[in-house]
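K.L.:
Turn this into a model:
(2 chains)
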Amino acid sequence: MALVVAWEGASRIGLLPEEKLSSLSQVLRTAWRLARDGTLAAHLLDSVARAGTGLAIGAGLALVLGSVAGLLRLGDDLIDPPVQMARMLPHLALVPLLIIWVGIGESLKITLVSLGSFFPVYFNTYAGIRNIDERLVEAARTCGLGRLARMRHVVLPGALPSIFVGLRLAIGAAWLSLVVGETVATQNGIGFLMMEAREFNQTDVVVVGLLIYALLGLVSDVVLRILERRTLAWRRGLTAT
Amino acid sequence: MAARVDGDVVSATGIRRTFGDAVVLDGVDLTIARGEVVALLGGSGSGKTTLLRILAGLDPDATGHWRVAGSLAVVFQEHRLLPWKRVADNVALGVTGPGVRQRAAAALAEVGLAGRERAWPAELSGGQSQRVAVARALIREPDLLLLDEPFGALDALTRLKMQALFNRLRAEHGFAALLVTHDVDEALLLADRTLVLDNGRIAQDAPVPLPHPRAPDDPGFGNLRRRLLEQLGVSAAA
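P.N.:
Residues are numbered from 1 along each chain as shown, chains lettered A, B, ... in the order given. Now for the predicted structure:
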């Protein structure tokens, strides 16, 4: 609150020059204008589509590979070491290489988002499976559950809390990757809106972009939290304290 | 699946199990007749639980011959309920066929938990959870019930109630049972026969010729108790 007042005040008395940072009221006016003429919605849709596609690919692949590595010894030997090695590489540093491999088009952004969201989901799926109480699996066996049924009734629900943690981290990584990806040769998306505004020194549009990014992160986290609370209703203390 | 015939539910000879160099079971012979309740006693680390796990099919590394005729259910020391399934779904786990819901409700009613179908395991007390575990075994209508210190983690009062419950269910359902316990009184209250496991073998096999219902102050109870404790290496001064 104090920050908002300080920001607006500094702009009004000229302490904060317009070309460095627009006043809050100016930012809000610009946001309203962009929202009304549909520019914002169009760019937003493009960004969300990219993040969604990338997230689906990255998280989906991570779920499959994490499960295989967590459940099978052979999978653990084959998949885990290379993934551990790749994890040490900051995936955003791969941008130059990725540009050569997949070009500067849409696939670059989606690849970046997929890479960013893959690792948290992979590790948390793996850890979630490994942390399942062996005794519960045994009990399920004595109840006559076969391998597939044990997966469905014991392994998957047991790993779910951990997978949710991975997904929340992945969503954060997805937006981060998108921000970087959208600054590279883009014709649409929130990132493009900001880069274009920078060329014309429209700091108000740049700030609007920043706010949108922040809002997107917040909204996706809230959505996931609601989903989590619904699926994990059995966990006592989830809503407590 | 074996048909319901009279005869032994469990017949085992020469069961052997080693962990590295340690020989835990060194040629165990065991038979349990249909409808017979056998208590398996032994000191800590004597291999009671190992033997039960072998019969439950949970130990692929044991050698020897054993056969369990008919269906089987296990109650562990911990309730081992799936925390993400409601009580009724835990009871019905792996049970298929028509009327599963009603059967689960009936099994819960039998252990005194009627109406708690929708509860989460985390909402139950230790004794209640163990009752659900018993219901989960009952719904399978087992020919043989394997119980691994099922009441060991409960407080003394709850334990007495659970023992009474066991006797009632046993009279109603007529299942055979192998009850692993370290509680001599519990063995004498519940079992038709007691086995003492020592040095990897059955060291003592004695019937419990007491009429039901039993109580620790029945004549003859003290004698049996003393004999068992001696076999377990505890002087029965108390």
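
K.L.:
Please enumerate residues in contact with the longest helix belonging to chain B?
P.N.:
Assignment by DSSP state H gives helix B:156-173 as the longest helix of chain B. By CB atoms under 8 Å, 6 or more residues apart in numbering or on different chains, the surrounding residues in contact with helix B:156-173 are B:37, B:110-112, B:126-127, B:130-131, B:134, B:138, B:141, B:150-151, B:154, B:177, B:186, B:189-190, B:212-213. No exception for glycine: its C-beta is placed from N, CA and C like everyone else's.

K.L.:
buried stuff in stretch B:224-233?
P.N.:
Along stretch B:224-233, these residues count as buried under the neighbour rule (16 or more other CB atoms under 10 Å in any protein chain shown): B:224, B:225, B:226, B:227, B:228, B:229, B:231, B:232.

K.L.:
which one of those residues is nearest chain A?
P.N.:
residue B:232 (27.1 Å; CB to the nearest CB).

K.L.:
Show me the contacts of helix B:156-173 that map onto strands.
P.N.:
B:37, B:177 (DSSP state E).

K.L.:
In helices only, show me the contacts of helix B:156-173.
P.N.:
Counting by DSSP H, the contacts of helix B:156-173 contribute B:110, B:126, B:127, B:130, B:131, B:134, B:138, B:186, B:189, B:190 to helices.

K.L.:
for the most centrally placed residue in chain B, what are its contacts?
P.N.:
What sits nearest the mean C-alpha location of chain B, by CA atoms, centre = their mean, is residue B:147, with 2.1 Å. If you count contacts by CB under 8 Å, 6+ apart, residue B:147 has them with B:74, B:75, B:177, B:178, B:179, B:180.

K.L.:
about what we covered before: and the buried residues of stretch B:224-233, which two are the farthest apart?
P.N.:
Looking at those by CB to CB, the two members farthest from one another are B:224 and B:232, with 12.5 Å of separation.

K.L.:
Specify the local secondary structure of the residue nearest to the centre of chain B.
P.N.:
Following DSSP: H, G, I helix; E, B strand; the rest coil, the label given to residue B:147 is strand.

K.L.:
where does chain B come near chain A, residue by residue?
P.N.:
Those residues of chain B that sit near chain A, judged by CB under 8 Å from any CB of the partner chain, are B:56-58, B:72-74, B:76, B:78, B:80-86, B:93-95, B:120-123, B:136, B:140.

K.L.:
Swap in 7 Å and give it another go.
P.N.:
Counting by CB under 7 Å from any CB of the partner chain, the positions of chain B adjacent to chain A are B:56, B:58, B:73-74, B:76, B:78, B:80, B:82-84, B:93-94, B:120, B:122, B:136.

K.L.:
on contacts alone, who are the packing partners of the helix or strand hosting residue A:111?
P.N.:
Secondary-structure element containing residue A:111, defined by DSSP states H and E: helix A:106-130. Under the contact definition 3 or more CB pairs under 7 Å, 6 or more residues apart in numbering or on different chains; DSSP states H and E, helix A:106-130 sits against helix A:39-71, helix A:95-102, helix A:156-181.

K.L.:
and the shortest one, how far from the chain's centre?
P.N.:
Right, helix A:95-102. 21 Å (CA atoms, centre = their mean, to the nearest Å).

K.L.:
what helices or strands is it leaning on?
P.N.:
Contact analysis of helix A:95-102 by 3+ CB pairs under 7 Å, 6+ apart lists helix A:106-130 as its packing neighbours.

K.L.:
Flag every buried residue along the helix or strand just after the helix it packs on.
P.N.:
Per DSSP H and E, helix A:106-130 leads on to helix A:134-142 as the next helix or strand towards the C-terminus. When burial is assessed from 16+ other CB under 10 Å, helix A:134-142 yields the following buried residues: A:136, A:137, A:138, A:139, A:140, A:141, A:142.

K.L.:
Using a markdown table, please lay out these together with pLDDT and distance to chain B.
P.N.:
Supplementary listing: the buried residues of helix A:134-142 in a markdown table, determined by pLDDT from 0 to 100; distance: CB to the nearest CB, whole Å:
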| residue | pLDDT | distance to chain B |
| --- | --- | --- |
| A:136 | 95 | 6 |
| A:137 | 94 | 10 |
| A:138 | 94 | 6 |
| A:139 | 95 | 4 |
| A:140 | 95 | 7 |
| A:141 | 93 | 7 |
| A:142 | 93 | 4 |
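
K.L.:
Show me how the record splits chain B into domains.
P.N.:
Here the domain parsing of chain B from automatic domain parsing is B:8-71+B:142-231, B:82-140.

K.L.:
sorry, back to before: of all the contacts of residue B:147, which two lie farthest apart?
P.N.:
Pairwise across these, and taking CB to CB, the largest span is found between B:74 and B:179, at 11.8 Å.

K.L.:
Quick one: residues contacting residue B:179.
P.N.:
Listed by CB atoms under 7 Å, 6 or more residues apart in numbering or on different chains, the contact partners of residue B:179 are B:37, B:38, B:39, B:40, B:147, B:190, B:191.

K.L.:
can you check residue B:38 too?
P.N.:
B:32, B:178, B:179, B:191, B:192, B:193, B:195.
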